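Peer 1: Task: produce atomic coordinates for the following.
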Amino acid sequence: MTLNEAKEKLAALQQKTAAFGHAMGVIYYDGVTAAPKGVADNRAQTLGILSQEMYELSTGKDTVELLDFLDANKDGLDRNEKRQVQLLLKDIRQMQKIPKDEYIAFQKLMVESDDVWHKAKETNDWKLFEPILEKVFDFHKKIAAWCAPEKKPYDYWLDRYEEGLTMERCEAFFATLREHIVPLLKKVQEKPQLDNSVLFGNFPAAEQEKFSYDLMKLIGLDLDRVGLATTEHPFTTSLGSHLDERITTHYYENDFSNSMYSVVHEGGHALYDTGGARELAYTVLDCGVSMGIHESQSRFYENIIGRSRAFCEYVFPMAQKYFPQLKDRTVDEFYRAVNRAEPGLIRIEADELTYALHIMVRYELEKRVFAGEIEVRDLPREWNRLYKEYLGVDVPDDKRGVLQDSHWAGGNIGYFPSYALGSAYGAQYLRKMKETVDVDACVRAGNFKPINDWLRERIWQYGSLMTPAEVFQNAVGEPFDPTVFTDYLEKKYGELYGL
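Peer 2: Residues are numbered from 1 along each chain as shown. Reported below is the predicted structural model:
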């Protein structure tokens, strides 16, 4: 086999795996958006078979020999090809450590778990979800033991979502946030609360949907390539490549801001995914490099841009077009309402200041389950205790407590710290971006092109070509410093609350 022949086979392999990913992604997306409630078994059967095919393709003798050959001849590969081989070999080495029947069983479990979670949340029935969540955590422990016996199991999963992340790094990061956020929140709570009544009323879902499409166009999404649907829990997914992207939201007719910020958040994910260079399509590089970098895009758009005064000045008149009851309300009322800092129950509704506390609760619970300090059956009790300790709120039911997020049901254990990291990354992006872009002027004019161009040039276009640390360094030219984020919070909330 010549090197050129091997390169052609490498491209064909990735196109085939992308096709499997596309098919499996469409089936999953249909399952959580449009499929009837009683067809999960059929979906699990199909995904089980496709997972087996994917496993055999990825770990088969021909694939391993091809990648070993390319790795041995990497001096003849370009930068993209070297990274493709590196990532594919890394994934294969991981997958080879998982017995095939266990890998297939895990894929089926994820379908079943997601289906049961939807029913459990809808009916506020923790006991329905508890047995299957036990299986999910047990499987994660087994996979970590197979793939990285030298690591602590939770460190393995943290690293899977954010390369290089460990419990030690999380502890230091969260300690910095606590040191600044807790006293700042205490000062805020001593001040008169901001009025948020402008957000509540009767906002028909049909009008919210029209507003959602306007928001998607405003931030620069191509509606020919990015679709919108509704789900219980909003998410974003790429179907096969960055050329086909889907986002979802959930409409609450008594509060238009909930879906509004979901759309902007998921839109940030979609901008990152669709901003990859064209030559990355149908390769292993055609995706965001980590969940921390991914969440830095969504949290940047949702909060740093989306809750800025400049954004509110542009968007509120748009909202008034769809919701006549807002005609006598002001931009300042809206800006203050969407930045109200108040400990609450629901993570995705949390303000910028208290959001990290929601993440810390989930981090503590995951860490302790992996360490054997608590069992899955203890999660509701411990969830409620930590919400009281960290946020000072009483959890009235499991639907608004331990059942609120879809992540555990989908097997995304170790993911949550990425949200807090992403928020902190975004503050440094803003500081660097402002050196060359008048961000507020662009947003006030509804012109997101300079902002998107800056992010595309430094982050989006590379997909997974670089490591997360390299991407961050490329964007801001300096090491990560969480105090940039806490400084941003102290300045913003100091002004809002007159501290």
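
Peer 1: Do a quick rundown of the strands in the protein.
Peer 2: Shown for the chain, the strands assigned by DSSP state E span residues 226-230, 236-239, 241-249.

Peer 1: Throw the ones you listed into CSV and include distance to Y156, thanks.
Peer 2: From N, CA and C alone the C-beta is placed, and that goes for glycine too. Rendered in CSV, the data for the strands of the chain read as follows (distance: least, CB to CB, whole Å):
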stretch, distance to Y156
strand 226-230, 33
strand 236-239, 24
strand 241-249, 28
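
Peer 1: what would those strands look like in CSV with mean neighbour count and mean pLDDT?
Peer 2: Compiled in CSV, the strands of the chain are given as follows (neighbours: other CB atoms under 10 Å; pLDDT from 0 to 100):
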stretch, mean neighbour count, mean pLDDT
strand 226-230, 17, 96
strand 236-239, 20, 91
strand 241-249, 22, 91
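
Peer 1: closest one to L365 among the ones you listed?
Peer 2: Go through these one by one with CB to CB and the one that ends up closest to L365 is strand 236-239, at 24.6 Å.

Peer 1: Could you export that closest one as CSV, CA atoms only?
Peer 2: Output for strand 236-239, consisting of C-alpha atoms alone and laid out as CSV, is shown next (Å, rounded to 0.1, in the frame of the first residue of the first chain):
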residue,chain,number,x,y,z
THR,A,236,-27.7,21.2,19.7
THR,A,237,-26.5,18.5,17.5
SER,A,238,-24.6,18.1,14.2
LEU,A,239,-26.0,15.5,11.9
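
Peer 1: where's that strand relative to the chain centroid, distance-wise?
Peer 2: The chain centroid and the centroid of strand 236-239 are separated by 11 Å, computed with CA atoms, centre = their mean, to the nearest Å.

Peer 1: for stretch 388-396, same thing?
Peer 2: In terms of CA atoms, centre = their mean, the gap separating the centre of stretch 388-396 from the centre of its chain is 24 Å.

Peer 1: For L66, which non-adjacent residue is spatially closest?
Peer 2: If the residues on either side of it in the chain are set aside, L66 comes closest to K9, at 5.4 Å by CB to CB, 6 or more residues apart in numbering.

Peer 1: and that neighbour, how many neighbours?
Peer 2: Applying the criterion other CB atoms under 10 Å, we find 17 residues in the vicinity of K9.

Peer 1: correct me, but it touches T63?
Peer 2: No - if you go by CB atoms under 8 Å, K9 and T63 don't touch, sitting 9.0 Å apart.

Peer 1: Relative to A18, how far out is A12?
Peer 2: In this structure, A12 and A18 are 11 Å apart, going by CB to CB, to the nearest Å.

Peer 1: which one of these two has more residues nearby?
Peer 2: A18 (20 against 12).

Peer 1: so which of the strands of the chain comes closest to P343?
Peer 2: The closest of these to P343 is strand 241-249. By CB to CB, the value is 24.2 Å.

Peer 1: Direction-wise, compare that closest one with strand 226-230 and give the angle.
Peer 2: Here strand 241-249 runs at an angle of 30 degrees relative to strand 226-230 (axes from the mean of the first three to the mean of the last three CA atoms, to 10 degrees).

Peer 1: from the chain's centre, how far out does strand 241-249 sit?
Peer 2: Taking the mean C-alpha point of strand 241-249 and that of its whole chain, the gap between them comes to 13 Å (CA atoms, centre = their mean).

Peer 1: what helices or strands is that strand leaning on?
Peer 2: With contacts defined as 3 or more CB pairs under 8 Å, 6 or more residues apart in numbering; DSSP states H and E, strand 241-249 has these neighbours: helix 3-33, strand 226-230, strand 236-239, helix 256-274.

Peer 1: So what touches it?
Peer 2: Outside of strand 241-249, the residues that reach it under the criterion CB atoms under 8 Å, 6 or more residues apart in numbering are 18, 22, 29, 32-33, 212, 216, 225-231, 234-239, 259, 262-263, 266-267, 269-270, 273-276, 280-282, 286-287, 463.

Peer 1: who touches stretch 287-294?
Peer 2: Residues contacting stretch 287-294 (CB under 8 Å, 6+ apart): 161-163, 165, 238, 242, 269, 272-273, 276, 297, 415, 417-418, 421-422, 425, 459, 462-468, 471-472.

Peer 1: Before I go, just wanted to say thanks for your time.
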